[in-house]
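Student: only geometry, no sequence info:
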């Protein structure tokens, strides 16, 4: 058994242990669907939910290590669930197909002339209703 912050660092989910601790305190890492403290002990078989850059991964702990090793060694410490991988791939495809918000702007920022036109009063009437 090892602390969750050390394990997340050793499994290369976070570059430093302090970043792992910060993510845990913000609720970006959960064990069995519950928020935990960085000192929470994890063991083989625990299910973790981890959010990185607003992407959720559900993983199962396969090994415990307190040492940060190479990437192949780190990847042997966990396995992502099939549902999580499928959902992540579907979300990625959805983001790829969604329209770019900036494309909805036709002409960009208004010019000085456009701003003056927008600020002109409506013939001494401030309301569009008929009196």
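Tutor: Nice, thanks for sending it over. Keep in mind the model is a prediction, meaning the values are calculated, not measured. Numbers count the residues shown, from 1 in each chain.
Student: CA atoms for contacts and neighbours, from now on please.
Tutor: Will do.
Student: What's the separation between the residue nearest to residue 36 when sequence neighbours are not counted and residue 37?
Tutor: Among residues not flanking residue 36 along the chain, residue 30 sits closest, at 6.1 Å (Cα to Cα, 6 or more residues apart in numbering). Per Cα to Cα, to the nearest Å, residue 30 is found 9 Å from residue 37.
Student: thinking again about what came up before, got a list of what the residue nearest to residue 36 touches?
Tutor: Neighbouring residues of residue 30 by Cα atoms under 8 Å, 6 or more residues apart in numbering: 24, 36, 48, 49, 50.
Student: so who does the first one touch?
Tutor: I take that to be residue 24. 5, 30, 35, 36, 37, 38.
Student: ok, and the most crowded of those residues?
Tutor: Most neighbours among the contacts of residue 24, by other Cα atoms under 10 Å: residue 5, with 28 neighbours.
Student: For it, give me the pLDDT.
Tutor: For residue 5, the pLDDT comes out at 94.
Student: Hmm, residue 42 and it touching each other?
Tutor: No. Residue 5 lies out of contact with residue 42 (Cα atoms under 8 Å); the separation is 9.7 Å.
Student: Quick check: phi and psi at the closest residue to residue 39 other than its chain neighbours.
Tutor: Spatial nearest neighbour of residue 39, chain neighbours left out: residue 3 (5.2 Å); criterion: Cα to Cα, 6+ apart. Taking degrees, to the nearest 10, you get phi -70, psi 150 for the backbone angles of residue 3.
Student: Contacts only, for residue 3.
Tutor: 38, 39, 40, 41, 42.
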